[in-house]
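Undergrad: Output the structure for:
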Amino acid sequence: MINDPLFYFAAIPAVVIIGLAKGGFVGLAILGIPLMALFVPPVQAAAIMLPILIVQDAVGIYAFRRHVNKRLLAITLTGALAGIVLATFTAAAVSEAAVRLAVGLIALVFALNWWLNLAKQAAGERPGGIAWGLLWGSVSGFTSFISHAGGPPFQVYVLPLRLSRDVLVGTTTWFFATVNLMKVAPYVWLGQFTHENLTTSLVLMPVAVGSTMAGVWLVRRVDPTAFYRLIYALLVLVGLKLTYDGLIALI
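TA: Just a heads-up that it's a prediction; the model follows:
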């Protein structure tokens, strides 16, 4: 277990933020993970977070178990599997900074376009195209493995479909729960699950469960229209954060 108190000053808020994301405020997770990486290497932070994410996913799945678009889930997970396989064998050769920059720019263009055309947004749920779902699912799986930045590509595909609030949250939860389970075997193969990392994850578990339950409680009290505006606003923040991190690392 990590014994540095400064690590937990960053890790506990990070787990709380991610818990709120897993509870329904999709998009927040990417804002929490970099906090932990302030005190440990990013790869170690990722390894510590993966067991925590899996437990938080389980809480979210239970809360939204009746709210999922199975068709969209099947399409995007098929793509995600391909993306994770590709990332497993190319991770060492891929620049994490370049991935973050690319994902950040995609998120910014997509979210800002939505805000600029807000008055023209048509109401009602729409079906998602299979080709686009496979594409963005694979991008999400790849970027989730490389830099824990799988959220924006997935949202680029699902947000325009105008799913109901609970179906959006439920489908997102099921998608990333499955993606995180897919990442376990490659992480084991790459030697990321050390005794220190796993015991640190265990210490943070109570905070993870409590914050996820709080997120579920809060998201169900947000007006659906306001919820969508909040998610797009968060996507802008995430895009700015990823773009900034990518540029700083590349300069």
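Undergrad: List the buried residues for the longest helix seen in the chain?
TA: Longest helix in the chain, counting residues (DSSP state H): helix 224-250. Within helix 224-250, the residues scored as buried using 16 or more other CB atoms under 10 Å are 227-228, 230-232, 234-239, 241-243, 245-246. Backbone N, C-alpha and C define where each C-beta goes, glycine included.
Undergrad: what does stretch 153-169 give?
TA: 153-161, 163, 165-169.
Undergrad: related to what we said a few turns ago, quick one: list the elements packing against the longest helix of the chain.
TA: helix 29-36, helix 96-116, helix 151-158, helix 165-182 (3 or more CB pairs under 8 Å, 6 or more residues apart in numbering; DSSP states H and E).
Undergrad: Low-confidence bits of the stretch 1-150 of the chain, can you list those?
TA: Residue ranges of the stretch 1-150 of the chain with pLDDT under 70: 26-34, 37-38, 41-43, 114-128, 147.
Undergrad: can you pull out the helices in it?
TA: 5-22, 29-36, 42-63, 70-90, 96-116, 130-147 (DSSP state H, counting those that start in this stretch).
Undergrad: Next, format those helices as TSV and append distance to residue 201.
TA: Converted to TSV, those look like this (distance: least, CB to CB, whole Å):
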stretch	distance to residue 201
helix 5-22	10
helix 29-36	11
helix 42-63	4
helix 70-90	21
helix 96-116	22
helix 130-147	18
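Undergrad: okay, which residue is most central for this protein?
TA: Per CA atoms, centre = their mean, the C-alpha nearest to the average position across the chain is that of residue 151, at 4.0 Å.
Undergrad: Does that residue touch residue 238 like I think?
TA: Yes - under the criterion of CB atoms under 8 Å, residue 151 makes contact with residue 238 at 6.8 Å.
Undergrad: about what we covered before: for residue 185, find the nearest of the helices of the stretch 1-150 of the chain.
TA: helix 70-90 (8.7 Å; CB to CB).
Undergrad: tell me which strands and helices the closest one is in contact with?
TA: Taking 3+ CB pairs under 8 Å, 6+ apart as the contact cut, helix 70-90 packs with helix 130-147, helix 151-158, helix 165-182, helix 184-189.
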